[in-house]
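**Student:** this one's structure only:
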């Protein structure tokens, strides 16, 4: 493993928000870096200046960087947003190559032109902005700014027009555009707080959906169909399409990930910025395990990473910024830094470059000789540094190998007496192998629909061996199910037998693959145990139990039109996801998490799911669609109780929005009074009317208290509004999950249109029966 050595270091003297770092060419030519601060500001570092001067106004301040700048003309521009910044990105919206700075807050999205110091567009987004990405999706070459927020995703073009909208299962944590299909068209990959990864097509349809073990806080495009991901629990890895390729774990929290070709082999490596200040590069190989190939450490936690031609020498550099405002630039391994151009005139178009006077030629020759001598000295120093680095790496590798050798020797010595005891217990190694192969033909029983004494619903997994041996314990491994990745059952010594049972509770309604390890001994007191490994599959809808009597909900149902061939496969589907027999007409169950009844009935030309819980109906419907490989299907749905709750939430949203407008007007009025009182207090002070001045400042303090109270109420109002909007977005997603394909997207689009037009009746009609109902599958 190599140690990353920075080519340059810049210290801005500003605290940077974690995750809020973006690089771009804001003037279309020179690379720059934008970072958000904790005080509601964004500063942009221009290492080579800008082609056009930036205006110095009330909200933009131009200062010099304090140390280590890559260029003498380096400067920093500050933009005062005056709000907490929740998203930052840079990219072109018009295809000109000139990047815009995209800034997101709790309720606004702004596209900013750094050179002109002007807004490109400014949009109010009630769902807030939690993640940003720029690019084109699908066949459409139109560049869009995608903003992920409170259970929703929106996209805007260069004019600020809304071009895309859809809903997700939870708050959006990360987004990236990548080609998961391999057809040359990009899809939108979204990670959310509900541990799910969803792939959206250009029309809003969900192409793939797969779950992880924690919130997906980072996504990046690698190459081809491969993409990297990072989880809130410290896991990072890569996927090849919808299949996980490799995964690794770290004790710290990942702040950002990036695909960067550190090894110069044409394949991007996965670079991770960690909260403990570690910058880590892992090699991404389809047959590898994400081995760490390079690393560096910062004295403070990292805030973000990016890549850009920061020295303007034609080499793409890796840029890392810490939370204390320290910027380091890295070149790929084995690449020597080129002599940086003295200025950026060579990059300015000929018609914009100033003329060079004739008398400057002789002076230019002398400067060229000096620069050549300096460059030779730098190259010699770099060669010495490279030799020293290789020597240190070789010495470290030798030390690691020697340490590993000593560990292996110690392990071998410890195993020598264990071998004798092992043969005393089992007679010989051959007998132990016979126990593992023949006697331990494990009988596995998975029983769904169990409730413990404390009311917790569980799935019971029973392991039985057909010998006179004893199962001392069992360890189950599944990162998707267990916190820490494993779950162990170790009964008391006097209660062990040839059977052991593990009771677990799946966190979600999905299938799980568990790796089980049984520890087996010849008797209860055996000190040497054999390990038997086996696989366990937990069905998708495991927490359902058979109902003693049919409990039908006549007013809450989903009717799915279906042809005879697919109806005949429903029995097979029920046996796989429930592990219960289906009599061909229907099955009546109880959902153990909420103790709500569920009935699945086969009728003429359709399948009916009856339940009052819309979430359960959506899970069952999507499970059927996946099992039968149904791509396009509509349905007829009715959930009166859910519709009543939704109507109450929509009314609450209207009340909150009205209250918000009233509060804004009152705060504007109070602010005007504050200005008047300030002027009056200063006038009375100058006139030495101290009694009147005291009264004015007393009035000012009272109005200030009123303003603080109004601000507190407005913050509470905003939080309640976000909660209500989240409930509405989740309801729309549940309604969409009762359909498949284009019908699913029609529900999302129709619901949004009805909410915009305040058409409550139309909203319920779309949820109940979307257009073009009746296609049988």
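**Tutor:** Ah, there it is. Quick caveat: nothing in here was measured; it's all calculated off a predicted structure. Residues are numbered from 1 along each chain as shown.
**Student:** Pass me the low-pLDDT residue ranges in the stretch 151-300 of the chain, would you?
**Tutor:** Counting by pLDDT under 70, the stretch 151-300 of the chain shows low-confidence ranges at 288.
**Student:** And the strands in it?
**Tutor:** If DSSP state E, counting those that start in this stretch is used as the criterion, the strands of the stretch 151-300 of the chain fall at 152-156, 162-167, 172-178, 187-192, 196-200, 206-211, 216-221, 226-231, 235-240, 243-249, 254-260, 269-274, 278-282, 292-297.
**Student:** As TSV, those with distance to residue 104 would be great.
**Tutor:** (Glycine included, C-beta is placed from N, CA and C.) TSV is the format used below for those (distance: least, CB to CB, whole Å):
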stretch	distance to residue 104
strand 152-156	11
strand 162-167	15
strand 172-178	11
strand 187-192	15
strand 196-200	19
strand 206-211	24
strand 216-221	16
strand 226-231	20
strand 235-240	24
strand 243-249	30
strand 254-260	16
strand 269-274	20
strand 278-282	25
strand 292-297	29
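**Student:** Enumerate the positions of stretch 620-637 that are buried.
**Tutor:** Judged by neighbour count using 16 or more other CB atoms under 10 Å, the buried positions of stretch 620-637 are 620-625, 627-628, 630, 633-637.
**Student:** Widest-spaced pair of those residues?
**Tutor:** Greatest spacing in the buried residues of stretch 620-637, by CB to CB: 627 and 636 (20.7 Å).
**Student:** now, which of the buried residues of stretch 620-637 lie within helices?
**Tutor:** Of the buried residues of stretch 620-637, the ones assigned to helices by DSSP state H are 620-625, 627-628.
**Student:** surely residue 280 meets residue 272?
**Tutor:** Yes: using CB atoms under 8 Å, residue 280 is in contact with residue 272, at 4.8 Å.
**Student:** List the contacts of residue 279.
**Tutor:** By CB atoms under 8 Å, 6 or more residues apart in numbering, the residues touching residue 279 are 4, 271-273, 295-298, 302, 305, 320.
**Student:** nearest to residue 41, of the strands of the stretch 151-300 of the chain?
**Tutor:** Ranking the strands of the stretch 151-300 of the chain by distance to residue 41, with CB to CB as the measure, places strand 254-260 first at 19.6 Å.
**Student:** Quick one: work out the angle between the closest one and strand 216-221.
**Tutor:** Strand 254-260 runs at 10 degrees relative to strand 216-221, counting by axes from the mean of the first three to the mean of the last three CA atoms, to 10 degrees.
**Student:** list the helices and strands strand 254-260 packs on?
**Tutor:** Other elements packing on strand 254-260 under the criterion 3 or more CB pairs under 8 Å, 6 or more residues apart in numbering; DSSP states H and E are strand 16-24, strand 216-221, strand 226-231, strand 269-274, strand 302-308.
**Student:** got the angle for the first one vs strand 302-308?
**Tutor:** Orientation of strand 16-24 against strand 302-308 (the same axes, to 10 degrees) gives an angle of 10 degrees.
**Student:** which residue packs closest to residue 150, ignoring adjacent ones?
**Tutor:** Computed as CB to CB, 6 or more residues apart in numbering, the closest residue to residue 150 that is not its neighbour in sequence is residue 127, at 4.1 Å.
**Student:** Double-check that that neighbour belongs to a strand.
**Tutor:** No: per DSSP: H, G, I helix; E, B strand; the rest coil, residue 127 lies outside any strand segment and is coil.
**Student:** any idea which helix or strand comes after the least confident helix or strand in the chain by mean pLDDT?
**Tutor:** Within the chain, no helix or strand scores below strand 60-63, which has a mean of 38 by mean pLDDT, DSSP states H and E. Counting by DSSP states H and E, the next helix or strand C-terminal to strand 60-63 is strand 75-80.
**Student:** picking up where we left off before, export the helices and strands packed on strand 254-260 as a markdown table, with columns for distance to residue 707 and mean neighbour count.
**Tutor:** Below are the helices and strands packed on strand 254-260 laid out as a markdown table (distance: least, CB to CB, whole Å; neighbours: other CB atoms under 10 Å):
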| stretch | distance to residue 707 | mean neighbour count |
| --- | --- | --- |
| strand 16-24 | 27 | 23 |
| strand 216-221 | 36 | 23 |
| strand 226-231 | 41 | 26 |
| strand 269-274 | 39 | 26 |
| strand 302-308 | 33 | 25 |
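**Student:** Now render these as TSV, adding distance to residue 463.
**Tutor:** Formatted as TSV, these follow (distance: least, CB to CB, whole Å):
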stretch	distance to residue 463
strand 16-24	45
strand 216-221	34
strand 226-231	30
strand 269-274	38
strand 302-308	45
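**Student:** of those, which approaches residue 237 most closely?
**Tutor:** Residue 237 sits nearest to strand 226-231 of all the helices and strands packed on strand 254-260, at 6.1 Å, using CB to CB.
**Student:** Now find how far off-centre the closest one is within its chain.
**Tutor:** Distance of strand 226-231 from the chain centroid (CA atoms, centre = their mean, to the nearest Å) equals 9 Å.
**Student:** burial of the residue nearest to residue 547 when sequence neighbours are not counted, as a residue count?
**Tutor:** Spatial nearest neighbour of residue 547, excluding adjacent residues (CB to CB, 6+ apart): residue 588 at 4.3 Å. Neighbourhood size, residue 588 [other CB atoms under 10 Å]: 17.
**Student:** residue ranges for the helices of this protein, please.
**Tutor:** When secondary structure is read from DSSP H, the chain shows helices at 360-426, 429-434, 564-568, 570-577, 614-628, 640-686, 690-736, 742-756, 760-768.
**Student:** any idea which of these is most buried?
**Tutor:** Among the helices of the chain, helix 614-628 has the highest mean neighbour count (mean count of other CB atoms under 10 Å), at a mean of 21.
**Student:** That one relative to helix 760-768, how many degrees between them?
**Tutor:** 40 degrees.
**Student:** returning to that earlier point: now the ones in helices among the buried residues of stretch 620-637 as a markdown table including distance to residue 596?
**Tutor:** Formatted as a markdown table, those follow (distance: CB to CB, whole Å):
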| residue | distance to residue 596 |
| --- | --- |
| 620 | 12 |
| 621 | 16 |
| 622 | 18 |
| 623 | 17 |
| 624 | 19 |
| 625 | 22 |
| 627 | 23 |
| 628 | 25 |
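**Student:** tell me which residues form a beta bridge with residue 322?
**Tutor:** Note on residue 322: beta-bridge partners residue 302, judged by DSSP bridges.
**Student:** That one against residue 277, yeah?
**Tutor:** Yes: contact criterion CB under 8 Å: residue 322 and residue 277 qualify, at 6.7 Å.
**Student:** which of those two has more neighbours?
**Tutor:** residue 322 (23 against 19).
**Student:** Can you tell me how far residue 405 is from residue 391?
**Tutor:** 21 Å (CB to CB, to the nearest Å).
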